[in-house]
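>>> sequence? don't have it. structure:
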(Lines give C-alpha, C1' and ligand atoms only; values in the text may rest on other atoms or scores of the structure.)
Protein backbone atom coordinates (compact mmCIF):
# COMPACT_ATOMS: atom_id res chain seq x y z
CA UNK A 1 0.00 0.00 0.00
CA UNK A 2 1.23 3.51 -0.76
CA UNK A 3 1.94 6.04 1.98
CA UNK A 4 -0.22 9.15 2.13
CA UNK A 5 0.52 12.16 4.31
CA UNK A 6 -0.74 15.69 4.73
CA UNK A 7 1.85 17.63 6.76
CA UNK A 8 0.64 21.20 7.21
CA UNK A 9 2.51 23.59 9.52
CA UNK A 10 2.12 27.13 10.79
CA UNK A 11 5.73 28.29 11.12
CA UNK A 12 6.71 31.49 12.90
CA UNK A 13 10.10 33.17 13.36
CA UNK A 14 11.41 36.67 13.88
CA UNK A 15 14.22 38.79 12.59
CA UNK A 16 17.40 38.66 14.67
CA UNK A 17 16.79 40.49 17.96
CA UNK A 18 13.28 41.25 16.64
CA UNK A 19 14.65 44.20 14.67
CA UNK A 20 12.05 46.03 12.58
CA UNK A 21 13.70 45.16 9.26
CA UNK A 22 10.48 44.44 7.35
CA UNK A 23 8.77 47.84 7.64
CA UNK A 24 8.82 48.72 3.95
CA UNK A 25 5.74 47.23 2.26
CA UNK A 26 7.42 46.53 -1.10
CA UNK A 27 10.45 44.96 0.53
CA UNK A 28 8.30 42.84 2.86
CA UNK A 29 6.16 41.62 -0.06
CA UNK A 30 9.35 40.79 -1.98
CA UNK A 31 10.60 38.72 0.98
CA UNK A 32 7.31 36.79 1.21
CA UNK A 33 7.34 36.12 -2.55
CA UNK A 34 10.94 34.95 -2.46
CA UNK A 35 10.15 32.66 0.49
CA UNK A 36 7.32 31.07 -1.48
CA UNK A 37 9.81 30.25 -4.24
CA UNK A 38 12.23 28.74 -1.73
CA UNK A 39 9.41 26.59 -0.33
CA UNK A 40 8.71 25.30 -3.84
CA UNK A 41 12.41 24.60 -4.44
CA UNK A 42 12.42 22.57 -1.21
CA UNK A 43 9.45 20.57 -2.57
CA UNK A 44 7.07 22.24 -0.14
CA UNK A 45 4.05 24.41 -0.84
CA UNK A 46 3.33 27.77 0.77
CA UNK A 47 -0.40 28.27 1.20
CA UNK A 48 0.18 31.70 2.76
CA UNK A 49 3.15 33.80 3.86
CA UNK A 50 2.86 37.06 5.74
CA UNK A 51 3.87 38.72 8.93
CA UNK A 52 4.81 42.00 10.46
CA UNK A 53 7.80 44.33 10.67
CA UNK A 54 9.82 41.92 12.83
CA UNK A 55 8.60 38.41 12.02
CA UNK A 56 7.18 35.99 9.48
CA UNK A 57 4.27 33.55 9.50
CA UNK A 58 4.04 30.72 6.98
CA UNK A 59 1.34 28.14 6.41
CA UNK A 60 3.20 25.46 4.47
CA UNK A 61 3.03 21.86 3.39
CA UNK A 62 6.37 20.19 4.00
CA UNK A 63 7.23 16.89 2.33
CA UNK A 64 7.63 13.98 4.75
CA UNK A 65 11.17 13.31 3.52
CA UNK A 66 12.41 16.66 4.90
CA UNK A 67 12.58 17.30 8.65
CA UNK A 68 10.84 20.50 9.72
CA UNK A 69 14.09 21.81 11.25
CA UNK A 70 15.94 21.25 7.96
CA UNK A 71 13.17 22.87 5.93
CA UNK A 72 13.03 25.97 8.15
CA UNK A 73 16.83 26.22 8.38
CA UNK A 74 17.24 26.10 4.61
CA UNK A 75 14.33 28.51 4.09
CA UNK A 76 15.82 31.09 6.45
CA UNK A 77 19.38 30.67 5.15
CA UNK A 78 18.36 31.01 1.50
CA UNK A 79 16.15 34.01 2.20
CA UNK A 80 18.78 35.84 4.27
CA UNK A 81 21.43 35.20 1.64
CA UNK A 82 19.18 36.51 -1.13
CA UNK A 83 18.28 39.64 0.83
CA UNK A 84 21.89 40.42 1.72
CA UNK A 85 23.12 39.87 -1.84
CA UNK A 86 20.36 41.93 -3.47
CA UNK A 87 20.56 45.15 -1.46
CA UNK A 88 23.06 47.56 -0.04
CA UNK A 89 22.58 47.91 3.69
CA UNK A 90 24.80 48.74 6.61
CA UNK A 91 23.02 46.18 8.77
CA UNK A 92 23.03 42.56 7.57
CA UNK A 93 19.63 40.92 7.42
CA UNK A 94 19.34 37.92 9.72
CA UNK A 95 16.56 35.77 11.11
CA UNK A 96 16.50 34.57 14.71
CA UNK A 97 18.08 31.17 15.31
CA UNK A 98 14.90 29.45 16.49
CA UNK A 99 11.32 29.14 15.25
CA UNK A 100 7.91 27.85 16.21
CA UNK A 101 6.23 25.11 14.17
CA UNK A 102 2.65 24.15 14.90
CA UNK A 103 0.73 21.41 13.12
CA UNK A 104 -2.49 22.49 11.44
CA UNK A 105 -5.46 20.35 10.52
CA UNK A 106 -6.48 20.93 6.89
CA UNK A 107 -9.95 21.85 8.20
CA UNK A 108 -8.34 24.79 10.07
CA UNK A 109 -6.15 26.03 7.18
CA UNK A 110 -8.58 28.84 6.27
CA UNK A 111 -8.50 30.11 9.88
CA UNK A 112 -4.69 30.24 9.85
CA UNK A 113 -4.69 31.98 6.46
CA UNK A 114 -7.04 34.62 7.89
CA UNK A 115 -4.81 35.00 10.94
CA UNK A 116 -1.74 35.55 8.74
CA UNK A 117 -3.64 38.01 6.53
CA UNK A 118 -4.59 40.11 9.60
CA UNK A 119 -1.05 40.54 10.95
CA UNK A 120 -0.82 44.32 10.41
CA UNK A 121 -4.12 44.83 12.22
CA UNK A 122 -3.29 42.26 14.89
CA UNK A 123 -0.01 43.91 15.87
CA UNK A 124 -1.62 47.24 16.67
CA UNK A 125 -2.66 45.53 19.92
CA UNK A 126 -0.12 42.81 20.60
CA UNK A 127 3.67 42.50 20.31
CA UNK A 128 5.45 39.59 18.66
CA UNK A 129 6.56 38.34 22.08
CA UNK A 130 2.98 38.36 23.37
CA UNK A 131 1.73 36.66 20.20
CA UNK A 132 4.39 33.94 20.24
CA UNK A 133 3.90 33.19 23.96
CA UNK A 134 0.16 32.82 23.37
CA UNK A 135 0.80 30.46 20.45
CA UNK A 136 3.07 28.29 22.60
CA UNK A 137 0.46 28.20 25.36
CA UNK A 138 -2.47 27.54 22.99
CA UNK A 139 -0.59 24.61 21.43
CA UNK A 140 0.59 23.35 24.85
CA UNK A 141 4.27 23.58 23.91
CA UNK A 142 6.58 23.31 26.90
CA UNK A 143 9.38 25.88 27.03
CA UNK A 144 11.93 27.34 29.40
CA UNK A 145 11.45 31.14 29.52
CA UNK A 146 15.18 31.51 30.13
CA UNK A 147 15.90 30.27 26.59
CA UNK A 148 12.89 31.65 24.75
CA UNK A 149 14.36 34.94 23.53
CA UNK A 150 17.82 35.55 22.08
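Yep, that arrived. Treat the numbers as computed from the prediction; the structure is a model and nothing was measured. Residues are numbered from 1 along each chain as shown.
>>> could you pull out the helices for the protein?
Under the criterion DSSP state H, helices of the chain are mapped to 25-41, 68-86, 109-117, 119-122, 128-138.
>>> if I look at residue 53, how far off is residue 17?
Residue 53 sits 13 Å away from residue 17, going by C-beta to C-beta, to the nearest Å. All C-beta atoms are positioned from the backbone trio N, CA, C, and that covers glycine.
>>> So which of these two has more stuff around it?
residue 53 (18 against 11; other C-beta atoms under 10 Å).
>>> looking at it, that one is touching residue 18, isn't it?
No: counting by C-beta atoms under 8 Å, residue 53 stays clear of residue 18, with 9.2 Å between them.
>>> Quick one, which of the helices of the chain gets closest to residue 49.
helix 25-41 (4.3 Å; C-beta to C-beta).
>>> Which elements pack onto that closest one?
strand 45-52, strand 55-61, helix 68-86 (3 or more C-beta pairs under 8 Å, 6 or more residues apart in numbering; DSSP states H and E).
>>> Tabulate the helices of the chain (a markdown table), appending distance to residue 144, mean neighbour count and mean pLDDT.
Output for those, formatted as a markdown table (distance: least, C-beta to C-beta, whole Å; neighbours: other C-beta atoms under 10 Å; pLDDT from 0 to 100):
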| stretch | distance to residue 144 | mean neighbour count | mean pLDDT |
| --- | --- | --- | --- |
| helix 25-41 | 29 | 15 | 96 |
| helix 68-86 | 18 | 16 | 95 |
| helix 109-117 | 26 | 16 | 97 |
| helix 119-122 | 26 | 13 | 89 |
| helix 128-138 | 11 | 14 | 90 |
